[in-house]
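Q: Based on what follows, work out the 3D shape:
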Amino acid sequence: AATAPLHLLNDRDDTPLCEQCQEYAAQVLEKTKEIKNEDQLVDALGMICDDLPAILSEPCKQQIDKNKDAIWDAVKKIDDLTPKELCAQLTLC
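A: Predicted coordinates for the structure are as follows:
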């Protein structure tokens, strides 16, 4: 499992922002574990695009399609992190 660099694991882990980040990060990480391949990722992100106003939905899907390899790589990198490690890398904890 990947770990955050020590300089990112600081004393902010008891702040409300850190706690909220960890709650959301846990949900995001749980969802990413359900995604087993790039097609599932594109489908899941496409559903998010569908919830956007019509004028943004198609550009959203185009960006996902254009960047799906990079998005998939990013999802796989965070897959092994704990919520606290993810929030530390975002400098919220």
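Q: Only C-alpha atoms from now on, for both contacts and neighbour counts.
A: Will do.
Q: and the residue nearest the centre of the chain, what does it touch?
A: By C-alpha atoms, centre = their mean, the chain has its centre lying nearest to residue 28, at 5.6 Å. Residue 28 makes contact with no residue, according to C-alpha atoms under 8 Å, 6 or more residues apart in numbering.
Q: For it, give its distance to residue 79.
A: Separation of residue 28 from residue 79 (C-alpha to C-alpha, to the nearest Å) stands at 9 Å.
Q: just residue 31 next, same as before
A: Distance from residue 31 to residue 79, by C-alpha to C-alpha: 10 Å.
Q: higher neighbour count, those two?
A: residue 79 (17 against 13; other C-alpha atoms under 10 Å).
Q: Assess the claim that the more buried one and residue 29 are in contact.
A: Yes - if you go by C-alpha atoms under 8 Å, residue 79 and residue 29 touch, sitting 6.3 Å apart.
Q: Can you classify residue 25 by secondary structure?
A: Here residue 25 is helix, with the state taken from DSSP: H, G, I helix; E, B strand; the rest coil.
Q: So for the longest helix belonging to the chain, what gets flagged as buried?
A: Longest helix in the chain by number of residues, with DSSP state H as the criterion: helix 54-78. Neighbour-count burial for helix 54-78, counted by 16 or more other C-alpha atoms under 10 Å, picks out 57, 60, 61, 64, 68, 71, 72, 75, 76, 78.
Q: Then stretch 40-58?
A: 41, 42, 45, 46, 49, 57.
Q: Just to be sure, which of the residues you listed are found in helices?
A: Judged by DSSP H, these include 41, 42, 45, 46, 49, 57 as members of helices.
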